[in-house]
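A.B. asks: quick check, what structure comes out for this input:
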Amino acid sequence: MELLIIRHARPVAETRSEGKGSADPPLSPIGIKQAEATAEFLKSQGIQHVVSSTMTRAIQTAEPFSILSGLKIEMIDDLKEADFDRNSYTPVEEMDLDHPFIKEYLENPESIFGGDLEGFRKRTTNAFNYLIEEYKGSIVAVFCHGMVMGVYLQSLLGHDNPVALQPDYCGITRVTASSSGLRSIRSINETGHVRHLLD
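C.D. replies: The predicted model follows:
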């Protein structure tokens, strides 16, 4: 089977006040265009199933393709981003070195994974393993997040840095997989379909 793993399009920044829940921002106007361009590209890829993280930015990225293809979106909570429980989200393009998220990362790189990188790796790998087992012989589009993709690729490649392979908005990574355990990375961060919409 083949996984087309797609990072969400660009969202807006969002901060929620104390007690108002975790930040879960929608797509920005340029993000909507990125999602639409991605849908147009994906319609020729033979996709049979559509899966998304339960976070708004991933769902909204999947929706144009779901509408275009007529395929329903299956939600998988284990594909949500590592920092899903924070009350603030800022696109990295809008951060500088004084941003609290960057300062926290520089002091403790594992902080962006909720302080539990191994737990995050286990939950994301389990989510992809479920898809590989559930959709044998199929092509599946998986709309998720940069750190989800980066840590999954790290686990497949066996390198040390979980943030070394961070995709662009709507970047597509292809992984072929068998239920016997064989995994092959066919491409990382394809962006030709949205190159004109990236900063």
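
A.B. asks: from the chain's centroid, how far away is the longest strand along the chain?
C.D. replies: Ranked by number of residues, the top strand in the chain under DSSP state E is strand 183-190. Its chain's average C-alpha position is 14 Å from that of strand 183-190, according to Cα atoms, centre = their mean, to the nearest Å.

A.B. asks: who does it pair with, and is each partner parallel or antiparallel?
C.D. replies: Strand 183-190 sits in its sheet next to strand 172-177 (antiparallel), going by DSSP bridges.

A.B. asks: could you check the partner strand and say which residues are buried?
C.D. replies: Neighbour-count burial for strand 172-177 flags 172, 173, 174, 175, 177 (criterion: 16 or more other Cβ atoms under 10 Å). Backbone N, C-alpha and C define where each C-beta goes, glycine included.

A.B. asks: now do that strand: everything it contacts.
C.D. replies: 1-6, 38, 128, 132, 149, 153, 156, 167, 183-191, 193 (Cβ atoms under 8 Å, 6 or more residues apart in numbering).

A.B. asks: give the next helix or strand downstream of the worst-scoring helix or strand of the chain on mean pLDDT.
C.D. replies: Ranking every helix and strand in the chain by mean pLDDT, DSSP states H and E puts helix 100-107 at the bottom, with a mean of 69. Remark: after helix 100-107, the chain's next helix or strand is helix 117-134, criterion DSSP states H and E.

A.B. asks: tell me, how many residues neighbour residue 116?
C.D. replies: 12 (other Cβ atoms under 10 Å).

A.B. asks: over to residue 26?
C.D. replies: Neighbour count of residue 26, defined by other Cβ under 10 Å: 13.

A.B. asks: what's near enough to touch the closest residue in space to it that isn't next to it in sequence?
C.D. replies: Among residues not flanking residue 26 along the chain, residue 56 sits closest, at 5.3 Å (Cβ to Cβ, 6 or more residues apart in numbering). Residue 56 makes contact with 11, 24, 25, 26, according to Cβ under 8 Å, 6+ apart.

A.B. asks: and the residue nearest the centre of the chain, how far from residue 52?
C.D. replies: What sits nearest the mean C-alpha location of the chain, by Cα atoms, centre = their mean, is residue 145, with 2.0 Å. As judged by Cβ to Cβ, to the nearest Å, residue 145 and residue 52 stand 10 Å apart.

A.B. asks: can you pull the residues that touch both of the two?
C.D. replies: The contact sets of residue 145 and residue 52 overlap at 58, 79 (Cβ under 8 Å, 6+ apart).
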